[in-house]
Structures are given as C-alpha cells and as structure tokens.
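> Fold the following for me, if possible:
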Amino acid sequence: TACLDEAATLAADDYAVQARLGRRWFVNTIANLERAERATVSLRPVKRAVVIGAGPSLEAQAPRLAGLRESACLIATDASLPALLGFGLTPDLVVSIDCQLYSYHHFLQGLPPAVPLALDLASPPILGRLASRAFYFAGGHPPSRYLSAHWLKLPELDTSGGNVAQAAVPL
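Alright, predicted model coming up:
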C-alpha cells in the first residue's frame, strides 16, 4: 500500500501543478504567437558553451567566467542575469522557461540589447517585449508542442526537469 499511497501523492501533485499553471501556459502561448511568428534571431554555431546558473558559487566563479569570454559562449539562466550584469559580465544568450510573471523580476536591471533571449512559447509575454532580440522554442507544454507540430515550427527544448539550467544545456 505504500507504493499506492506514493503514486496517489505524485498524481495529486502533478494534477495541482497542471490545474494551477495550465491556464497560464495556454494564455501566454496564445499571447506570444504573433511575436514568435515574427522572430528572426538565429544563433551562430558554438563549439564550447558554459551554462551559468544562479547558484551560490556564482560570485566565486565570476572571475573565471570573465576569462572564458573569448573561448566560450556564455549562456545565462534568467535568474543569473542580474548577478552577471552586477559583475560586469554580459552573457551571449539568456534562457527563460518559466510561465509565471515573477520571471520578469530577473530582468528589472535590463537586458543588453545585443543579447538574444531564448523564451519558451509559454513564457510571460512581457519578456518578449523587453528583448530586442527574442526567439521562441516549444517547451514541454501541450499547447506549445501542438502549435509547433501543426502550425508554427519552433525548435523543441526539453523543459521537463523544470530547471532553466537543465533546459539550457541542449540549447
């Protein structure tokens, strides 16, 4: 019975997430369609990339990251952007996957105009309006995947881990 109880708990947790965020995913996806259709950002080939998260070691690693500027593409998670800008480091790309409006708080210091912003189609529409160079991908949300498969072909990115750094790695 312990296995059944655990399975029931996991199902209830998943249902709660779907119920809470499902409407937000759908509304954001529809609101982002026009901008996603017009997006023309293309990425250059990269041989070496460093994904930068907002973990507790970021401050200690800032000098090392600055030394990698010439030899690697610096891909920042949205949460790491304010700290990087505070250290005087401008990433080559920023990734954001969350559908909730609090993601906007990561961009209150601004986004340098030359830096592309990779957004899940279900991201808050305000993020696409903030970026002069935004492009969209289909994360794991059903409306995004459906639209990408049947109408607006978008790159697909695995966001199933729910972690922006984990999603940035295959990018």
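> Name the nearest residue to Pro116, ignoring sequence neighbours.
Arg133 (4.4 Å; C-beta to C-beta, 6 or more residues apart in numbering). Heads up, the C-betas are built off the backbone N, CA and C, glycines and all.
> what sits against that neighbour?
Residues near Arg133 by C-beta atoms under 8 Å, 6 or more residues apart in numbering: Val41, Pro113, Ala114, Val115, Pro116, Leu117.
> Could you rerun that using 7 Å?
Val41, Val115, Pro116, Leu117 (C-beta atoms under 7 Å, 6 or more residues apart in numbering).
> And the last one, how close does it get to Gln61?
Leu117 is 22 Å from Gln61, where distance means C-beta to C-beta, to the nearest Å.
> who has more neighbours, the two?
Leu117 (24 against 14; other C-beta atoms under 10 Å).
> shouldn't that one be in contact with Pro91?
No. Applying C-beta atoms under 7 Å, one finds Leu117 not in contact with Pro91, separated by 10.2 Å.
> Backbone dihedrals for Tyr136, please?
Phi and psi for Tyr136, reported as degrees, to the nearest 10, are phi -120, psi 150.
> Which positions within the helix or strand harbouring Ala149 qualify as buried?
Element membership for Ala149, per DSSP states H and E: helix 142-150. Buried residues in helix 142-150, defined by neighbour count with 16 or more other C-beta atoms under 10 Å: Pro143, Ser144, Leu147, Ser148.
> Could you report the separation of Cys99 from Ala36?
14 Å.
> per-residue pLDDT, the closest residue to Glu59 other than its chain neighbours?
Excluding its sequence neighbours, the residue lying closest to Glu59 (C-beta to C-beta, 6+ apart) is Ala83, at 7.1 Å. Per-residue pLDDT puts Ala83 at 95.
> Ala83 belongs to a strand?
No. Counting by DSSP: H, G, I helix; E, B strand; the rest coil, Ala83 is not part of a strand but helix.
> Now for it, how many residues are close by?
Neighbours of Ala83 (other C-beta under 10 Å): 18.
> hang on, it packs against Pro56?
No. Applying C-beta under 7 Å, one finds Ala83 not in contact with Pro56, separated by 10.8 Å.
> Moving along the chain from the helix or strand of the chain with the lowest mean pLDDT, name the first helix or strand you hit.
Using mean pLDDT, DSSP states H and E, the weakest-scoring helix or strand in the chain turns out to be helix 2-38, at a mean of 71. Using DSSP H and E, the helix or strand that follows helix 2-38 in sequence is strand 49-52.
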